[in-house]
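Colleague: model this:
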Amino acid sequence: MATGAVNRVCKCFLKAQFGLLFFRKYQKDYNYFTMASTAVELIKDLSTPAFVVDLDIVKRNASVMLARFQKLGVQLRPHMKTHKTLECADIMTGGSRRCIVVSTLAEASFFADHGYDDILYAYPLPFDKVERCAELSEKLSLFHVLVDSSLALQELKRRPLKQGKAWHVWMKLDCNNGRAGVPHAEPAALQLAQEISETEGVELTGIYAHCGNSYGCKGEEQIKAVAQETTTFTLQFVEKLKAVGVKGPKSSIGSTPSCSHPVPDMAMLSEVHPGNYIFYDVQQSLIGSCRLEDVAVRVLTRVIGHYPHKNQLLVDCGWTALSHDGGGRLPTGYAVIEGHPDIKLVSMTQEHGRVEPVSGKLDFSQFPLGSMLSLMPYHACATAVMHPVYYVHSKGKIVASTPAPGSPPVVRPAISRSTDKMKSQSQVLPPLHH
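Modeller: A predicted model of the protein is given here:
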């Protein structure tokens, strides 16, 4: 198959987070899109390092999370920061293209440009980005911002929205996560919520809490304890608001661990906002959120050097292809090396990785030059962000363009935020089934 033809079918997910300039740079200066879309059918034949996504696992992970919160009667507002793609977003939202969370305005703009609405920018409001937030608020039927200080609220007051629209504001509550938000038990939290609700041109839409402290858990029991604590503090705060006459704000908590093992009281929340679950990773398996078989992503790498005098292999995956997250503390170093529990990725430079045996002498005959290793990342979010292209496969075969029987094909642009030339290179994807 010619490279041009490959460009027009679903050989990869093309990411959005770097936006127009990133893809224009590669298209104009390096022709990256053409180089990336090699005419191969199987992931084992890909040029490495390559980030591969198992579509079957992605769909399963999404389906389980959707069903879990439909059963609880709670709105799922999935976070986009892990994958940053339209395809995964469609799967996570069940095709509704509504009710999502983003971490950056690049993500918000990308999804808004492609028909998404009801977008929550879940990041303490940056003052230099108020105008861009205003533009999105005026463009969409629902664009939400996050506030955790009176100063941020004043910035919104200084930029009233056009057409009589109101700012939709969620207040960030710190329920012992300790990163951002107003501490839930401090009087300042109640004061800020009241101030938001009383400000002209601003609506207090909800109370938002991230239970990131669940990332320190080991096992389901500890995860549920954090989920219960965060849920309790959030719901208690909403009750305090009602007691002082502030009625109607929604409540939302989230992290992949807490939403993978929800507690019954979470049924009283309005929304939840997990994100990593679409891919999962080794970190989540260690926390207890998932099993290793639920991890949907790998970084493929090849052996490029044998060094018997150092008892070491060299592979073509460095820290530009695999995150340093985890600090190499796994028994197998910086990643789980699939099928090889006896070797470890001990260190990485920019483009190289060093692999040694966990103990004893390395059997180099098991790892010929050019042979491929499959690395399961410690942190999928941090690894995915390093790859402008995702190769999507089902059972090792790169996904074909043939629509499911009886269903029309779905046509999407190959690179959604690039030049007109690249926009004209459309790809045909199988319809999404949930």
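Colleague: average pLDDT across the strand or helix carrying residue 221?
Modeller: Taking DSSP states H and E as the criterion, the element that holds residue 221 is helix 220-243. The average pLDDT within helix 220-243 is 98.
Colleague: who are the packing partners of the following helix or strand past it?
Modeller: The helix or strand immediately downstream of helix 220-243 is strand 250-254, counting by DSSP H and E. Using 3 or more C-beta pairs under 8 Å, 6 or more residues apart in numbering; DSSP states H and E as the contact definition, the elements that strand 250-254 packs against are strand 202-210, helix 220-243, strand 271-272. Quick note: C-beta positions are derived from backbone N, CA and C, even for glycine.
Colleague: residues in contact with the second one?
Modeller: Counting by C-beta atoms under 8 Å, 6 or more residues apart in numbering, the neighbours of helix 220-243 from elsewhere in the structure are 173, 175-177, 184-185, 189-190, 193-194, 197, 207, 209, 211, 213-214, 217, 247, 249, 251-253, 257-263, 265-266, 268-269, 287-289.
Colleague: how about a cut-off of 7 Å?
Modeller: 173, 175-176, 184, 189-190, 193, 207, 209, 211, 213-214, 217, 249, 251, 253, 257-258, 261-263, 265-266, 268-269, 287-288 (C-beta atoms under 7 Å, 6 or more residues apart in numbering).
Colleague: repeat that for the last one.
Modeller: The set of residues that contact strand 271-272 without belonging to it, under C-beta under 7 Å, 6+ apart, is 69, 74-77, 250, 252-254, 259, 266.
Colleague: so how do I select the buried members of the residues you listed in PyMOL?
Modeller: The buried residues among the contacts of strand 271-272 can be selected in PyMOL (16 or more other C-beta atoms under 10 Å) with this line:
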select buried, resi 69+74+76+77+250+252+253+254+259+266
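Colleague: select only the buried ones of the contacts of helix 220-243 in ChimeraX?
Modeller: Here is the ChimeraX command that selects only those of the contacts of helix 220-243 that count as buried (16+ other C-beta under 10 Å):
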select :173,175,184,189,190,193,207,209,211,213,214,217,249,251,253,257,258,261,262,263,266,269,287,288
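Colleague: what distance do you get for the residue lying closest to residue 158 once chain neighbours are set aside to residue 149?
Modeller: With C-beta to C-beta, 6 or more residues apart in numbering as the criterion, residue 158 has its nearest non-adjacent residue at 7.8 Å, and that residue is residue 130. With the distance defined as C-beta to C-beta, to the nearest Å, residue 130 ends up 13 Å from residue 149.
Colleague: and the contacts of strand 271-272 as CSV, adding distance to residue 237 and pLDDT?
Modeller: Rendered in CSV, the data for the contacts of strand 271-272 read as follows (distance: C-beta to C-beta, whole Å; pLDDT from 0 to 100):
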residue, distance to residue 237, pLDDT
69, 21, 98
74, 17, 98
75, 19, 98
76, 22, 98
77, 19, 98
250, 12, 98
252, 12, 98
253, 11, 98
254, 16, 94
259, 20, 98
266, 15, 98
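Colleague: check the contacts of strand 271-272 and tell me the two furthest apart.
Modeller: Put simply, by C-beta to C-beta the two of those set farthest apart are 250 and 259, 16.2 Å from each other.
Colleague: tell me how far the one helix or strand residue 375 maps to lies from the chain's centre.
Modeller: Using DSSP H and E, the secondary-structure element containing residue 375 is strand 372-377. Computed by C-alpha atoms, centre = their mean, to the nearest Å, the separation of strand 372-377 from the middle of its chain amounts to 20 Å.
Colleague: now do stretch 279-288
Modeller: Going by C-alpha atoms, centre = their mean, the spacing between the C-alpha centre of stretch 279-288 and its chain's C-alpha centre is 14 Å.
Colleague: tell me the mean pLDDT for that stretch?
Modeller: Stretch 279-288 shows a mean pLDDT of 98 in the predicted model.
Colleague: circling back: which of the contacts of helix 220-243 fall within helices?
Modeller: Applying DSSP state H to the contacts of helix 220-243, the entries found in helices are 189-190, 193, 257-258, 287.
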